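[1] here is my input, please return the structure:
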Amino acid sequence: MRLLFLYGLPGVGKLTVARKLSELTGCKLFHNHLTVDLLLSVFDFGSPEFVELRETIWLSVFETAVEINLPTMIFTFNPENTVRQEFIDKTVRMISSQGGKVTFVEVTCEPAELERRLDTPDRRRHKKLISIELFRRLKANGTFDSPVLPPPELTVNTTSESPTQIAMQIARDLKLPLAGATN
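    Numbering: from 1, shown residues only. The predicted structure follows:
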């Protein structure tokens, strides 16, 4: 299995790009807020129970995807300091030990554009960070500096390109087959 690990700061467009990439390629999309939103209904963000269950769910989904020979899966991720470094290490070890590969794709955006995007209906629906002031405070405090990820195989900047253009760039640069394409 190939795990496309799309990561970046809140508001850079990870989920929007991942949805387009999934449409273009037919790859399954497992975005981190599926798990986060589930757990927030019961546990406080960052509580020991939340952290343990979040990582257990993420890893269980990856493990099962490998077991059923899912060819490629897209995962969106926001590095932040409640995620333990061992989650990243376990993910890479688990996938590679089964002959798979984790491909890290960094999604970036100019700071002014990122802040403009923070408060949207879609971000509110997924209980995502929407406050510019809180984002600035978290960033200044180093909240998004860990865990440490391996160097990305690809970095994309979503500031001025459409999600479809970025998804096409990812598919092209990573040599992903397009859905419905024949060789």
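
[2] and Leu176, what does it touch?
    Counting by CB atoms under 8 Å, 6 or more residues apart in numbering, Leu176 makes contact with 21, 25, 27, 72, 170. Where you see a C-beta, it was placed from the backbone N, CA and C, and this is true even at glycine.

[3] am I right that Leu34 sits in a helix?
    Yes - counting by DSSP: H, G, I helix; E, B strand; the rest coil, Leu34 is located in a helix.

[4] okay, now it: neighbour count?
    14 (other CB atoms under 10 Å).

[5] which residues touch Val148?
    With the criterion set at CB under 8 Å, 6+ apart, Val148 makes contact with 85, 88.

[6] number the residues from 4 up from this point.
    Okay, residue one is now 4; in that scheme the one you just asked about reads as Val151.

[7] out of the contacts of Leu179, grab the one that's most surrounded.
    That'd be Leu24 among the contacts of Leu179, by other CB under 10 Å, with 27 neighbours.

[8] hmm, that one is touching Ile77, no?
    Yes - counting by CB atoms under 8 Å, Leu24 does reach Ile77; the two are 5.9 Å apart.

[9] shared neighbours, these two?
    Listed as contacting both Leu24 and Ile77 by CB under 8 Å, 6+ apart are 7, 9, 30, 32.

[10] need phi/psi at the last one.
    When read as degrees, to the nearest 10, the backbone of Leu32 gives phi -110, psi 120.
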